[in-house]
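Visitor: Quick one, fold the following:
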Amino acid sequence: MKSLNNSSKIQSLALRCAVFLSAILTVGILVSLVAYILIKGVPNLSWSLFSISYTSENVSLFPALLNTITMTFLSLLVAMPLGIFSAIYLVEYAKRGNRLVSIIRITSETLAGIPSIVYGLFGFLLFVIALGFGYSLLAGALTLAIMVLPVIMRTTEEALISVPDSLREGSFGLGAGKLRTIFKVVLPSAAPGILAGAILSIGRIVGETAALIYTAGTVAQIPESLLGSGRTLSVHLYALWTEGLNTKQSYATAVVLLVIVIGLNALLAFVAKRLGKGKI
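Guide: Numbers count the residues shown, from 1 in each chain. Now for the predicted structure:
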């Protein structure tokens, strides 16, 4: 008996050490990447990089920055309602064990694993060619909306499932209908989980390159309309690096991109935390 206890203690200690080392390794890799980008990029930041118009001399990232914000907003504007409403149907309205539900879940999981270059080719054929949008912000935003839709849908579904049934039953007991219960009770309770899906989606939208090259194009200016072509920060970074003439500015662009992603994630995480505490 004593030998078994010693063996279990050794196994517990080994697992604890493995978990601790994994956590240290993960944090170390993250810190190393951030430090490398900051060391390489911060010294190359200059006011010329934020000029309103792009030229071959200043290689301004400001047009790409505005295009990135526009692309993120448009993509979430399309994907968030579709993903949330789809998840509401799967959790609140569809019968448990329904075959259609299982098909939808398998489809969404399959879509989440498709490479972004395939989405880019699909968006090129559908939005750029078939619908006649051309290389435009609209074509890129719609492509990215399809790309992040499975993430939003699955995270929202898990968030809705985690809401206790007692809250629904209490709302029904007070005379509220199905729709009022969903929008007044269930969705506010699931809001932190839904925002978690938005955080993941923003990270993928801001960092996407391959799909946008085929749909939004690489024009380094602010388009006059949503049907105009424009590059995002990630595409701008890729273009500067592959050209090989402005590698220092590409590191500076990476710093701006990193700050935007961290800032948006921190903001949404703060909002999710406040919603979880019921202070918003």
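
Visitor: okay, which residue is most central for the protein?
Guide: By CA atoms, centre = their mean, the chain has its centre lying nearest to Ser201, at 1.6 Å.

Visitor: Just say helix, strand or coil for that residue.
Guide: Following DSSP: H, G, I helix; E, B strand; the rest coil, the label given to Ser201 is helix.

Visitor: Return the per-residue confidence for it.
Guide: pLDDT, Ser201: 87.

Visitor: what does the one 10 residues further on give?
Guide: Model confidence at Ala211, given as pLDDT, is 89.

Visitor: Quick check: closest non-adjacent residue to it.
Guide: Computed as CB to CB, 6 or more residues apart in numbering, the closest residue to Ala211 that is not its neighbour in sequence is Gly120, at 3.7 Å. Using the backbone N, CA and C atoms, a C-beta is placed for each residue, glycine as well.

Visitor: So for the one helix or strand that neighbour maps to, what gets flagged as buried?
Guide: If you go by DSSP states H and E, Gly120 is part of helix 116-123. Neighbour counts over helix 116-123 (16 or more other CB atoms under 10 Å) mark Ser116, Tyr119, Gly120, Leu121, Phe122, Gly123 as buried.

Visitor: how close does the residue lying closest to the residue nearest to the centre of the chain once chain neighbours are set aside get to Thr72?
Guide: In space, and not counting its chain neighbours, Ser201 is closest to Val148: 3.9 Å by CB to CB, 6+ apart. Distance, Val148 to Thr72, using CB to CB, to the nearest Å: 10 Å.

Visitor: Tell me how many other residues surround Thr232.
Guide: A count of neighbours around Thr232, defined by other CB atoms under 10 Å, yields 30.

Visitor: hang on, it packs against Leu66?
Guide: No. Here Thr232 does not reach Leu66: they are 9.6 Å apart, not a contact under CB atoms under 8 Å.

Visitor: Thanks again, I'm all set now.
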